[in-house]
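Undergrad: Following is a predicted model, sequence given first.
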Amino acid sequence: MKKNISYLFWAGAMLLGAEAAGAALTVSPGDLLMGFAKVNAGGTGYEGQTYVFNLGASQGYRGGMELPVSLGNFNADLSTAFGSGWANDATVRWGIVGVVGPSDPLTGGDPARTTYFSQDYLGEAGGSAAVVFSSSNRGSLSTNLKSFFNSMNGIAANGAVDGGAIYASSSINSFSSFLPPGPSTYFGVGVNPLTALNAGASAGLDVYRTLHSATGANLSSALDSNAVVGTGQYLGTFTMSDAGALAFVPEPSSGILAALASCVFFRRRRA
């Protein structure tokens, strides 16, 4: 129990504080980026603006916290990017990704080419099928995710919530530029990391960590068995309410979702 409480306070400390107004977004290896994009009326691409938020270091979510952690409210930013009806707009999609790039050093127990990739929440935290990537898939995915990360590093952090950026979907290496129907794959793989936002209080994403190599890796997880190269290891579930409240559920239990309303709100901190 002490271990779990200490992780809860660690995550809370990570999310406290703010970046200075007008600061540039800082993206580091192993961070998790949450992205939103809107499909155009013809279904041939993405229109308008994209919203990306840095959720912070992935290892902060791997610690075995027992309580859900609320990460703040994103209604203002999502309304600015997609209009006040974003929560009921079936064309607005979101996903969560992360990467330790091909040339990055061992980071938080993650060797080079470790990736984090979301899957649609199916009504129970951790209920989705774990992603499985071949060596070739892991190479393509990590390379494309690193290009996305590089494009986000230094972009204007102009969101109402610190750590967020609203920018044109047409920007080079934007979040939406790696998604069909432009390219035929999602960041180079056939697995779809997205879900729609019009699911109300049940909208959510399970996130999986996939190792490219076990050398130097921290294989353990409080929520899953030891990591196996190429097979997704469950990290936890992020939920988004139709009022814009984002929470992280670090335990595979549908019952704990009901406790979200009573958990303490934390603000994100970037070093």
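TA: Sure, I can see it.
Undergrad: mind listing what's buried in stretch 183-194?
TA: Neighbour-count burial for stretch 183-194, counted by 16 or more other CB atoms under 10 Å, picks out Thr185, Tyr186, Phe187, Gly188, Val189, Val191, Asn192, Pro193, Leu194. For glycine as for every other residue, the C-beta is placed from the backbone atoms N, C-alpha and C.
Undergrad: Could you pull out the helices in this structure for me?
TA: All helices of the chain, identified by DSSP state H, fall at 2-15, 75-82, 135-152.
Undergrad: thought Gly182 was touching Asn40?
TA: No - with contacts counted by CB atoms under 8 Å, Gly182 stays clear of Asn40, the gap being 10.9 Å.
Undergrad: Identify the contacts common to the two.
TA: Counting by CB atoms under 8 Å, 6 or more residues apart in numbering, the residues touching both Gly182 and Asn40 are Tyr46.
Undergrad: nearest residue to Leu78 other than its sequence neighbours?
TA: Trp86 (4.5 Å; CB to CB, 6 or more residues apart in numbering).
Undergrad: since we're on that neighbour, how many residues are nearby?
TA: Neighbourhood size, Trp86 [other CB atoms under 10 Å]: 23.
Undergrad: Let me see the contact set for it.
TA: Residues near Trp86 by CB under 8 Å, 6+ apart: Leu78, Ser79, Val92, Leu197.
Undergrad: how much space between it and Gly35?
TA: As defined by CB to CB, to the nearest Å, Trp86 lies at a distance of 14 Å from Gly35.
Undergrad: And for Ala76?
TA: In terms of CB to CB, Ala76 sits 17 Å off from Gly35.
Undergrad: With neighbour numbers in mind, choose between the two.
TA: Comparing Ala76 with Gly35 by other CB under 10 Å, the one with more neighbours is Gly35, at 24 against 13.
Undergrad: That one reaches Val52, doesn't it?
TA: Yes - between Gly35 and Val52 there is a contact under CB under 8 Å: 4.9 Å.
Undergrad: Quick check: neighbours shared by these two?
TA: By CB under 8 Å, 6+ apart, Gly35 and Val52 have these common neighbours: Phe175.
Undergrad: Model confidence at the nearest residue to Tyr121 once chain neighbours are set aside, what's the number?
TA: Of all residues not flanking Tyr121 in the chain, Gly204 sits nearest, at 3.2 Å (CB to CB, 6+ apart). Predicted confidence (pLDDT) for Gly204: 90.
Undergrad: and the two most separated of the buried residues of stretch 183-194?
TA: For the buried residues of stretch 183-194, with distances taken as CB to CB, the pair at the greatest spread is Gly188 and Leu194 (14.8 Å).
Undergrad: which residues touch the nearest residue to Val229 once chain neighbours are set aside?
TA: Counting by CB to CB, 6+ apart, the nearest residue to Val229 once its immediate chain neighbours are dropped is Leu211, at 5.0 Å. Going by CB under 8 Å, 6+ apart, Leu211 touches Asp110, Pro111, Thr114, Ala217, Leu219, Ala227, Val228, Val229, Gly230, Gln233.
Undergrad: 10 Å instead?
TA: Leu211 sits next to 100, 109-111, 113-115, 133, 138, 217-219, 227-233 when contact means CB atoms under 10 Å, 6 or more residues apart in numbering.
Undergrad: Ok, Asn226 next?
TA: Residues in contact with Asn226 (CB under 10 Å, 6+ apart) are Ala214, Ala217, Asn218, Leu219, Ser220, Gln233.
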